[in-house]
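>>> mind folding the following:
(chains A and B)
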Amino acid sequence: MTSSFNFVSTIIAVPFIGLLFALAAKDDEKTRDRNVFNVSIFALITNLFVIWRMFALLDVSKPGLQMVERYEWLENPKISIVLGMDVFSLLLILAVHAAVLIGMFGARHNKEDGKSLMVFSLMFVGMITGFFAAADIFSFYIFFEAMLLPLFMIIGMFGGIRKQGVLARFFIYNLLGAIFLFFATVVLYNYQSANIALNEVSRVDLNIRQEIFVWAAIFISFLSRIPIWPFHYWISSISTGLRNPLVFIITNIIPLTGVYGFVRFWPKTVPGVLSYFMIILEIICVISMVFIALIGLINKDIQYKIFSFMTVGYIIYLLAAFLPTDMVLQNIGYSLFSFLIIAAGLEVLSNYLEKQQECMEISSAGILCALPRASLIFSFFVLAAIGMPLSSMFLNNFVLVADLLDKNVKMGSLVVFSLIVIAAALLQELYRLKDNTCVLPEKPCAADISARAYGVLLLICGFLLLTFVNPLWFVVRGGKL
Amino acid sequence: MIANLFFCLIASGFVAGAAARSRYERLWSFLLLAFLAFSGFYFWENWQQGITGNFAFHWIDASLMQVNINLASNTDTYRLTAPLFLLAGISVFYNTFYPAETEKLRLNGLLLLNLAALILLICAQNFMQLLTAVCIADVLCLFMINDIEGKRRYIFYNLLADMGLFTLFALIWKQTGSVDLAALSGYRRLGQYPELSVCLILFCAFIKSGMFLFQGGFLSLSGLSFNRIFSISYGATPLVGILLLIKTYPLLAGVSYASATLQLFGALTLLWGFFGAVVIDNLKDKALYFNLMFYALMIGLLSLGLKPIMQILPELLILGYMLNLLWMMVAVSASNEIFVSNMGSFARPLKAVFSLALLLILGLIQFLWKSAPLAEIWIYAFGAIILMACAHILYQIFLGKTNADEHVWAFLKNPPLLYLLPYAAAAAFVIWKNDCYDWMVGGIYALFLVVLFLGPLRSLGRLYEAETLQEADWFDDIYETLLVAPVKILGRILWLTIDFLIIERTIVSSLSGATTLLVRLLEKMHTGTWTGSLLYVSAGLMITAAVVYMKVRG
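Reported below is the predicted structural model:
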């Protein structure tokens, strides 16, 4: 697909332009938050339109990257930045935009320095968009590392993390991961004396020791982002402390970068040296998934339950990414798309309920009984999350589970077991919040979500339903999948 | 035709949902009834004229999978849809006039949407449509349950069933390469898992239909009002279990143990249903135990093949439904008293209800006698057990010594004609339809009357006073102890050992401790004295020597 307009760099640039406007927004007490909020929302919505236009231009049936843009960066050493796009990447970008947008709506009443939060969020969106658009190993590495900056600021400033150790651990884990990727990038560049396209990495002819080093470094760098044992601890300890929905959503988008890394680097035919890593990794993945699902079941904190739900989802996508078929990749994309939106919706609502509970000094048990709007939307999101036919997750997860079962029945069964456990954990929470036996008549009632928020959330539910009916409804033109 | 009906049901269901809580709720309900009556007439006319047609919507058209949504009108779909349509109509009627129902229009809308989901299930020719229909019916049924405990149990039981189906169809699809239900008949090749698949499908269907060992979700419906109990029991998830088995019958037919399992669970459920119907005091629980007996018969009939169940399912559903309505009318007449131990001698004040009960029993006997050649053992066993249970409960309600309190007795009166007339018409229709006036039918009916008036099981009434028996929840307690608690304990142990003990206390603490120790050591060495400098230089030399040594050694 050739296009005279640089769409890919545009969708990376728009959040940064939004960021500049947000910084320049009128900064008095009265209007500051609203201005910054409006500018941020406008930037993201503008990008959504550009993304929609890109969907219209992408040829769905064509393999490989399209809309490729090349920028010469350095002459010596010769490094060019290459950006490109395919349906999978674009779906993830769209999902991240939608999730952050939902998070921004959820955090709009947050009075604690909303300007910085919005500015860093826009920076994060720009960075992660660049990460998904990166087509060569250098730009991939740059965005992989660069997104840590806004992330660290967001978590540090607005996460409400009380223990400094948790924050330090988060930074060390992620930095170490990035350093490992840096080593792998340097070795590959040194060996090839040129910038390498992402899909070419597995084809570079290295000797056995280098191969082991490079792949181990790549694996560790991506695993440090995914909450896989023993790397899961940084994100789980951070997620349980976060009380800002936008911060939670952004933090929990980070594992997606690890999954995406595996998807992009993982070769279709596994070279000999990788098969050792592969078996170990699959075992660790499955153990982590069961482990985190079980902890999600017993943990009473809803944040942890949502974190567990997201982790189990990410690990399933990771396991599916190891399967050697292209179609599975598309399914991961469609499923992830709904998955992120559902998780964002759940987080925003649970945060709202928590605030109401704190504000009214009431128990959260049975809180939904007095809030019909919140109850309906929350039920919808939970039912969609557990795999009912309310979003594209239903159909696409069916395909993924089928492939996993086909590959290894035992592994597939454990995946299904984890799905059941995490679904039980979410349902347990839903019915705790709806338990009318816990409602005391003399206690004050919490306020239901506003009509505007209800409308927006209903719109999101409708959007999810559309993805169930036709996961590709937004593709205007293009061939058959 | 079926497709038109399907889309009309969806539209009217959404309209009803949107109009719920409006000022003219009753008016909207009447409009809905009128729509159902009109659609029913249209449906009946098309069926009688044998109008068939195909409707297929290309849902997924990918190289990975082609899925059509089929809504074909043929004899089978008409036959299976007709009783569901009738029952949905009766449910909407009684919901509209049942005073205890506070969300009439919303419930009616859900019923119509649920009927559309069942049509989707009946017409399914592929796994995806089947799975989607089952899950949609589950979600709609969940919204119909307005009791939190009932919801909780229902969703946990059905979640297991749905995940089971999800896994099963995913496995079969990947192994056969086809999503068509027709592929099930050939699913017994080398490397495939027909036994495991049948085990899973039976497990899922048994959960949905509340068979023995899995009846918890079904029985938890007792927290609902009567109208919701019968609407759900005969028009929602429990029926989905049976339809699921009918649709996947080619898979069951290929596995030898399937028939024996169906018979075993059918028999156990029948006995369990009888036990509960006789022993439990609460009339709603009794109604549910009776429903279990009807479902046990359906499962038993399935063990004999598809023919018996397909022939008698419509009438069986209607009769079971009418028995539920009877219990509802008793409760409505007795100022919503639901404990049978607080009833007795109601025959005189409730002549009309008692007469209708006797009429229904006559219809039931006729139906059973007429259907007996199809599945003798099952029909006889079911007939004997259900008639015995009915005789016992009718004796306790209408005859025997009264235990009703003054308030109940004072306000005891037949329900309004609006309740009685449709019921009488339905009972008369059943009798007319069966058209069976064999002397044996007369003999069995006479025997029933003798048992009813003598009340040989009346001494069992004492069991109503045994609180432990009335409140016992054995199976759920067993599941809690054997399955749920160990899973939770395992989660807690993993959390404490791996997260805290291994990662936090061992790995992180060790790394942190080692770093601190190294920093302190270096701080101590870096004192600016000669000794400190010497130590630093020595350490550097040792590292250099080690690197050189390793390089030399290759």
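
>>> please tell me how far residue A:311 sits from residue A:262.
As judged by CB to CB, to the nearest Å, residue A:311 and residue A:262 stand 15 Å apart. The C-beta positions use only the backbone N, C-alpha and C, and glycine is treated the same way.

>>> ok, residue B:142 next?
If you go by CB to CB, the gap between residue B:142 and residue A:262 works out to 36 Å.

>>> for residue B:57, same thing?
To residue A:262, residue B:57 is 37 Å away according to CB to CB.

>>> between those two, which one's more packed in?
residue A:262 (20 against 11; other CB atoms under 10 Å in any protein chain shown).

>>> distance between whichever strand or helix holds that one and the chain's centre?
With elements delineated by DSSP states H and E, residue A:262 resides in helix A:245-265, which encompasses its position. Computed by CA atoms, centre = their mean, to the nearest Å, the separation of helix A:245-265 from the middle of its chain amounts to 4 Å.

>>> check which helices and strands that helix sits against.
Helix A:245-265 sits against helix A:87-106, helix A:114-133, helix A:137-146, helix A:148-158, helix A:208-223, helix A:232-239, helix A:302-321, helix A:326-360, with contacts defined as 3 or more CB pairs under 8 Å, 6 or more residues apart in numbering or on different chains; DSSP states H and E.

>>> between the lowest-mean-pLDDT helix or strand in chain A and helix A:245-265, how many degrees?
Averaged element by element with mean pLDDT, DSSP states H and E, chain A has its least confident helix or strand at helix A:232-239 (a mean of 75). Our comparison of helix A:232-239 with helix A:245-265, counting by axes from the mean of the first three to the mean of the last three CA atoms, to 10 degrees, yields an angle of 160 degrees.

>>> buried residues in helix A:232-239?
By neighbour count on 16 or more other CB atoms under 10 Å in any protein chain shown, the buried set for helix A:232-239 is A:232-239.

>>> then stretch B:184-192?
Using 16+ other CB under 10 Å as the burial criterion, the residues of stretch B:184-192 that qualify are B:184, B:187.

>>> what does the average pLDDT come to for it?
In this model, stretch B:184-192 carries a mean pLDDT of 81.

>>> residues touching stretch B:159-167, excluding its own?
Applying CB atoms under 8 Å, 6 or more residues apart in numbering or on different chains, the contact partners of stretch B:159-167 are A:386-388, A:398, A:401, A:405, A:412-413, A:416, A:419-420, A:423-424, A:427, B:131, B:134-135, B:138, B:200-201, B:203-205, B:207-208, B:244.

>>> what residues does the stretch 51-200 of chain B put near chain A?
Residues of the stretch 51-200 of chain B lying near chain A by CB under 8 Å from any CB of the partner chain: B:59-65, B:128, B:131-132, B:135-136, B:138-139, B:142, B:148, B:151-152, B:155-156, B:159-160, B:162-163, B:166-167, B:169-171, B:173-175, B:193.

>>> sort out for me which of these are in strands.
B:59-61 (DSSP state E).

>>> can you give me every residue that contacts residue A:347?
With contact set as CB under 8 Å, 6+ apart, residue A:347 has these partners: A:103, A:106, A:245, A:248-249, A:252, A:303, A:306.

>>> go with 6 Å
Shown in contact with residue A:347 (CB atoms under 6 Å, 6 or more residues apart in numbering or on different chains): A:245, A:248-249, A:306.

>>> same question, residue B:233
Residue B:233 is in contact with residue B:291, counting by CB under 6 Å, 6+ apart.

>>> and it, backbone torsions?
Backbone dihedrals for residue B:233, given as degrees, to the nearest 10, come out at phi -60, psi -40.

>>> for chain A, see how far away it is.
Distance of residue B:233 to chain A, given as CB to the nearest CB, to the nearest Å: 22 Å.

>>> same check on residue B:475?
18 Å.

>>> same check on residue B:211?
Computed as CB to the nearest CB, the residue B:211 to chain A distance reads 20 Å.

>>> strands of chain B, residue ranges please.
Read by DSSP E, chain B holds these strands, from start to end of the chain: B:56-61, B:66-70.

>>> pick the most buried one from these.
Each of these was assessed for mean neighbour count using mean count of other CB atoms under 10 Å in any protein chain shown. The highest is strand B:66-70, with a mean of 19.

>>> packing partners for that strand?
Using 3 or more CB pairs under 6 Å, 6 or more residues apart in numbering or on different chains; DSSP states H and E, the elements in contact with strand B:66-70 are strand B:56-61.

>>> export the strand it packs on to PDB, keeping only CA atoms.
Listed next in PDB are the C-alpha coordinates belonging to strand B:56-61 (Å, rounded to 0.1, in the frame of the first residue of the first chain):
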ATOM      1  CA  ALA B  56     -28.600 -18.200   6.300                       C
ATOM      2  CA  PHE B  57     -26.600 -15.100   7.400                       C
ATOM      3  CA  HIS B  58     -22.900 -15.300   6.600                       C
ATOM      4  CA  TRP B  59     -21.500 -14.400  10.000                       C
ATOM      5  CA  ILE B  60     -17.900 -15.300   9.700                       C
ATOM      6  CA  ASP B  61     -16.400 -15.700   6.300                       C
END
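
>>> tell me the gap between that strand and the middle of its chain.
For strand B:56-61, the gap between its own C-alpha mean and the chain's C-alpha mean amounts to 29 Å (CA atoms, centre = their mean).

>>> quickly run through the sheet partners of it, with directions.
The partner list of strand B:56-61 in its sheet, established with DSSP bridges, is strand B:66-70 (antiparallel).

>>> now the strand it pairs with: mean pLDDT?
Averaged across strand B:66-70, pLDDT comes to 86.

>>> swap in stretch A:95-107?
Per-residue pLDDT over stretch A:95-107 has a mean of 91.

>>> assess the claim that residue A:360 and residue A:445 are in contact.
No. Residue A:360 is beyond contact range of residue A:445, at 7.6 Å (criterion: CB atoms under 6 Å).

>>> flag every residue of the stretch 351-481 of chain A that's near chain B.
A:383, A:388-389, A:398, A:401-402, A:405-406, A:416, A:420, A:423, A:427, A:431, A:435-436, A:481 (CB under 6 Å from any CB of the partner chain).

>>> biggest separation within these, which pair?
A:436 and A:481 (45.4 Å; CB to CB).

>>> so for these two, which sits in the more crowded spot?
For residue A:436 versus residue A:481, neighbours defined as other CB under 10 Å are more numerous around residue A:481 (18 against 14).

>>> let me know the pLDDT of whichever residue of the stretch 1-150 of chain A sits closest to chain B.
Across the stretch 1-150 of chain A, no residue is closer to chain B than residue A:61, which sits at 9.4 Å (CB to the nearest CB). Confidence at residue A:61, expressed as pLDDT, is 73.

>>> low-confidence stretches in chain B?
Scanning chain B with the threshold set as pLDDT under 70 gives B:554.

>>> just the buried ones from the contacts of stretch B:159-167, in PyMOL syntax?
Those of the contacts of stretch B:159-167 that count as buried under 16+ other CB under 10 Å are selected in PyMOL with:
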select buried, (chain A and resi 386+387+388+398+401+405+412+416+419+420+423+424+427) or (chain B and resi 131+134+135+138+200+201+203+204+205+207+208+244)
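
>>> in helices only, show me the contacts of stretch B:159-167.
Per DSSP state H, helices hold the following members of those: A:398, A:401, A:405, A:412-413, A:416, A:419-420, A:423-424, A:427, B:131, B:134-135, B:138, B:200-201, B:203-205, B:207-208, B:244.
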